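S.K.: The following comprises the amino acid sequence and a computationally predicted model.
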Amino acid sequence: MSFDKSNTALVITDPQNDFLSPDGVTWELVGASVTENRTVENLEQLIAGAKAAGYQVLVSPHYYYPTDSDWQFGGTVEKLMHDINMFSRAGTLSLDEFDGSGADWVEPLGKFINDGATIVTNPHKVYGPQTNDLALQLRKRGISKVILAGMSANLCVEAHMRQLTEDGFEVHVVSDGTAAAQHPELGDGYQAALTNFRYIANGVRTTDEMLSELQ
């Protein structure tokens with residue numbers, strides 16, 4: 001399989017402090033997986049490599065606003081995210097206290113995402129891109145192939161992979177450009193995601209393999 005910058009883009013989900021920083025609210029659950037996979041380092045290499053080779057980079061972030069606090073039901077992790085104020089922002093039109101918050105981009109990725117060329121979509125509100133404009137942004141740019149990485153493997157990454165596949169995109173997942181929670185009762189989210197990546201995605205590659213193909 002070959003990639004071409006005219007029809008291929010890198011999509012990163014949730015490259016935010018609450019997932020990827022030791023100070024983030026989920027670090028106790030995801031930190032071991034993030035560290036083992038070198039997720040932040042690999043995302044930095046992926047974004048830098050894609051941009052250097054002329055590929056478009058899009059970010060699909062996760063934000064919650066005060067008006068989301070009165071939702072009446074949710075799944076296990078969805079409820080947890082609300083309970084711990086994960087990805088919390090002051091409002092849809094406000095960046096008050098955003099810098100350095102759990103919703104902000106993890107360093108060193110911020111310098112790439114804030115370069116004026118990266119497309120940051122509307123937030124997805126649960127896991128998948130059905131509720132944001134990611135597919136629209138891709139299609140308007142003539143993108144048919146997606147290289148997918150980010151957080152978290154068995155939640156937002158997998159949900160994006162599934163929906164983009166259903167929407168007719170060719171999706172390739174970067175296996176060490178993601179990570180997931182390891183929970184004694186819920187299980188190992190990363191290993192669960194790897195199984196589904198292999199079953200569903202058009203390809204599963206490491207960061208080094210993907211960078212080699214993009215050059």
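M.R.: Noted; the coordinates are in hand.
S.K.: can you pull the buried residues of the least confident helix or strand in the chain by mean pLDDT?
M.R.: Within the chain, no helix or strand scores below helix 76-83, which has a mean of 79 by mean pLDDT, DSSP states H and E. Burial within helix 76-83, assessed by neighbour count using 16 or more other CB atoms under 10 Å, is assigned to Val77, Glu78, Met81, His82. Every C-beta, even on glycine, is put in place using the N, C-alpha and C of the backbone.
S.K.: Give the buried residues for the longest helix along the chain.
M.R.: Of all the segments of type helix in the chain, defined by DSSP state H, the longest one is helix 39-52. Residues of helix 39-52 classed as buried by neighbour count (16+ other CB under 10 Å): Thr39, Val40, Asn42, Leu43, Glu44, Gln45, Leu46, Ile47, Ala48, Gly49, Ala50, Lys51.
S.K.: closest to Tyr190 among the residues you listed?
M.R.: Lowest distance from Tyr190 to the buried residues of helix 39-52 (CB to CB) belongs to Thr39, with 10.0 Å.
S.K.: any idea how far Met161 is from that closest one?
M.R.: From Thr39 across to Met161, the span is 16 Å (CB to CB, to the nearest Å).
S.K.: cool, and Arg89?
M.R.: Distance, Arg89 to Met161, by CB to CB: 26 Å.
S.K.: can you check Leu136 too?
M.R.: According to CB to CB, Leu136 stands 18 Å off from Met161.
S.K.: next one: Val25
M.R.: Separation of Val25 from Met161 (CB to CB) stands at 25 Å.
S.K.: Also Ser144?
M.R.: Computed as CB to CB, the Ser144 to Met161 distance reads 15 Å.
S.K.: Neighbour count for these two, which is higher?
M.R.: Using other CB atoms under 10 Å as the criterion, Ser144 and Met161 rank with Met161 on top: 26 against 15.
S.K.: name the helices or strands packed onto the strand or helix carrying the more buried one?
M.R.: According to DSSP states H and E, Met161 maps onto helix 158-166. Secondary-structure packing of helix 158-166 (3 or more CB pairs under 8 Å, 6 or more residues apart in numbering; DSSP states H and E): strand 8-13, helix 134-140, strand 145-150, strand 170-174, helix 189-200.
S.K.: Sweet, I'm off.
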